[in-house]
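1. only geometry, no sequence info:
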């Protein structure tokens, strides 16, 4: 937040004094770098709109002529896109909500009872997962979720949430410590219970941190391949990223279909980012520097 | 980052609140009543679900994994304790040693590439340029794209587009796919991983650069320092803390490399680009469950050592 406002200040200062010259060499270099970033995305979009004939002609950078939606039509049915999208949405929404609520609950309990050993030790216990990468516990988790009937999107929600919990609790507790107790005490004098205080006072105050935590959980859950591919046993319940491996084994020459499919799986996250970029940038900066 | 320092600060704060309590006791604040009665049950309700789920999802699998690393289990059926046999075998297993060598080498190269590029981009993006916010928007996009999918896209570019460009330009080593070359495939993995990891590091560097006061540069300019000297002698030392953060966060992430490698080479050609994570996961179908659990346990110890290094390096940098 502060960084963002500082950037703005710097920017207004500069636009105010227009006598300062623009650094054109730097601008040129950065634009060229931006082209490198956009190139693979451009190829994805242009390939997706090509006809099968044009997609295999070997020139990935050509503009689609004529424009064809054939790739999307085929990808829609081949990957069973509606079901894949529903599974991805379920996993993402579940992980984001569960992470925010569980981490906020736990952090509030921990910070308000810090003087008690159980809560203090719980903090370090929950933080422990920051040192455990998923591959380390993946094999037993695959077995365990299988035995408990959690080899489905719900198992992924549970595991993804638990891996996000450490970092989220760290962010929430740091923020909660900065909220003055007086605020809460006045609410209590007015007769609010702890439950009401949490939902009516604390949770709204946590909103900026919830946004950060939610953005990280969203990006992880929507884009992850490793965990759903290992945990979800029924291919019909797979998320969108995992469904794309279809094009590595079968249909590997229908480039227009595979790229249309990639585009449909990537687009929601990119569009969501373009609309919320201010938050995403502030959230990532905050998360990385504090976490 | 500051996880070590946070408890200290809180206990300090708590001491303050506690010492201020006797004075406010007369006012009979509800807070004091609560403290006297002990913990409100609802706080257990807030904390316990997380503790139970966390134990179920992470702690128990971790313990099970370590336990079976001392057995000859293949994942199902009977098993026997075999002591340290798995661990001893791992240290002379060329496939596993190769995966460690590859993963560490790849991580070191990628972390250097990412930080050099991200730092220079951040310097550029905080200088007097046009289209500042549009450029920043573009540079962050790779962060929100799925690793496996962008790896598939790059896979196509590396195996189709780049060779045809190489043929057209007459560059021999580009004429065949980079991904099919056991000696060069890792470069493709570094490129794609860096492509995706630069935005995260970039945003952190921008935050660091924005915090550097402008008058430092004015003073340097008056003293006749060139732009390059300012960059190396002023900017770099002032954002050193951010460099440490980026290097460690990046390195820890790259050690777990999986999605992008699966999408690009799937560990090939042969096993030349198989990461540690991919080797461990191979124990899922390969019948060497217990053996790969021993491997995972070693990997866990490595992860802990790196985290300890992280804590000791960032301990004095709470100002961040």
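-> Ah, there it is. Worth saying up front: this structure is predicted, and the values here are computed from it rather than measured.
2. how many other residues sit next to the residue lying closest to residue B:72 once chain neighbours are set aside?
-> With sequence-adjacent residues excluded and distances taken as Cβ to Cβ, 6 or more residues apart in numbering or on different chains, residue B:72 is closest to residue B:82, at 4.9 Å. The C-beta positions use only the backbone N, C-alpha and C, and glycine is treated the same way. Applying other Cβ atoms under 10 Å in any protein chain shown, we find 15 residues neighbouring residue B:82.
3. host element of the residue most central in space within chain A?
-> Nearest to the mean C-alpha position of chain A, by Cα atoms, centre = their mean, lies residue A:219 at 1.3 Å. Element membership for residue A:219 (DSSP states H and E) is helix A:207-223.
4. pLDDT of stretch B:294-309, averaged?
-> Across stretch B:294-309, the average pLDDT comes to 91.
5. coming back round to it: surely the residue nearest to residue B:72 touches residue B:71?
-> Yes - the pair residue B:82 / residue B:71 is scored as a contact, 6.2 Å apart, by Cβ atoms under 8 Å.
6. mind listing the shared neighbours of these two?
-> Shared contacts of residue B:82 and residue B:71 (Cβ atoms under 8 Å, 6 or more residues apart in numbering or on different chains): residue B:290.
7. need the longest helix for chain B.
-> Longest helix in chain B by number of residues (criterion: DSSP state H): helix B:94-125.
8. spatially nearest residue to the residue nearest to the centre of chain A (excluding sequence neighbours)?
-> residue B:144 (6.0 Å).
9. per-residue pLDDT, the one you found?
-> 94.
10. check the one 3 residues further on too.
-> On pLDDT, residue B:147 comes in at 96.
11. look at the spatially closest residue to it that is not a sequence neighbour and report its pLDDT.
-> Excluding the flanking residues, the one nearest residue B:147 by Cβ to Cβ, 6+ apart is residue B:259, at 3.9 Å. Listed pLDDT for residue B:259 reads 95.
12. what number of residues lie near residue B:259?
-> Counted with other Cβ under 10 Å, residue B:259 comes out at 24.
13. does it touch residue A:224 like I think?
-> Yes - using Cβ under 8 Å, residue B:259 is in contact with residue A:224, at 7.4 Å.
14. sorry, back to before: any idea how far the helix holding residue A:219 is from the chain center?
-> With Cα atoms, centre = their mean, to the nearest Å as the basis, helix A:207-223 stands 5 Å off its chain's centre.
15. show me what it packs onto, helices and strands only.
-> helix A:81-112, helix A:153-176, helix A:255-290, helix B:147-156 (3 or more Cβ pairs under 8 Å, 6 or more residues apart in numbering or on different chains; DSSP states H and E).
16. tell me what angle it forms with helix A:81-112.
-> 140 degrees (axes from the mean of the first three to the mean of the last three Cα atoms, to 10 degrees).
17. check which residues of helix A:207-223 are buried.
-> By 16 or more other Cβ atoms under 10 Å in any protein chain shown, the buried positions in helix A:207-223 come out as A:209-223.
18. any idea of the pLDDT on the nearest residue to residue B:97 once chain neighbours are set aside?
-> Nearest in space to residue B:97, with sequence neighbours left out and distances taken as Cβ to Cβ, 6+ apart, is residue B:91 at 7.8 Å. Residue B:91 carries a pLDDT score of 91 in this model.
19. find the nearest non-adjacent residue to residue A:246, please.
-> Nearest to residue A:246 is residue A:79, by Cβ to Cβ, 6+ apart, at 6.1 Å.
20. neighbours of the one you found, just the number please.
-> 25.
21. try residue B:183
-> If we define neighbours as other Cβ under 10 Å, then residue B:183 has 9 of them.
22. for residue A:267, see how far away residue A:199 is.
-> 35 Å (Cβ to Cβ, to the nearest Å).
23. equivalent analysis for residue B:178, please.
-> With Cβ to Cβ as the criterion, residue B:178 and residue A:267 are 27 Å apart.
24. which one's more surrounded, the two?
-> Set residue B:178 next to residue A:267 and count neighbours by other Cβ under 10 Å: residue B:178 wins out with 23 against 14.
25. which residues does the more buried one contact?
-> By Cβ under 8 Å, 6+ apart, residue B:178 lies in contact with B:158-159, B:162, B:184-185, B:187-188.
26. 10 Å instead?
-> Residue B:178 sits next to B:154, B:157-159, B:162-163, B:166, B:184-189, B:191, B:264-265 when contact means Cβ atoms under 10 Å, 6 or more residues apart in numbering or on different chains.
27. and the residue nearest the centre of chain B, what does it touch?
-> Among the residues of chain B, the one closest to the centroid is residue B:253, at 2.3 Å (Cα atoms, centre = their mean). Residue B:253 sits next to A:133, B:107, B:110-111, B:114, B:193, B:197, B:200 when contact means Cβ under 10 Å, 6+ apart.
28. let's see the pLDDT reported for it.
-> 91.
29. how far away is it from residue B:117?
-> For residue B:253 relative to residue B:117 (Cβ to Cβ), the value is 16 Å.
30. then residue A:124?
-> Distance from residue A:124 to residue B:117, by Cβ to Cβ: 36 Å.
31. now do residue B:215
-> Taken as Cβ to Cβ, the span from residue B:215 to residue B:117 is 29 Å.
32. higher neighbour count, the two?
-> residue B:117 (17 against 8).
33. thinking again about what came up before, give the contact list for the residue nearest to residue B:72.
-> B:69-73, B:88-89, B:290.
34. residue B:305 now?
-> residue A:131.
35. got the angle for the helix or strand hosting it vs helix B:94-125?
-> Using DSSP H and E, residue B:305 maps to helix B:289-314. Angle of helix B:289-314 versus helix B:94-125, following the same axes, to 10 degrees, is 30 degrees.
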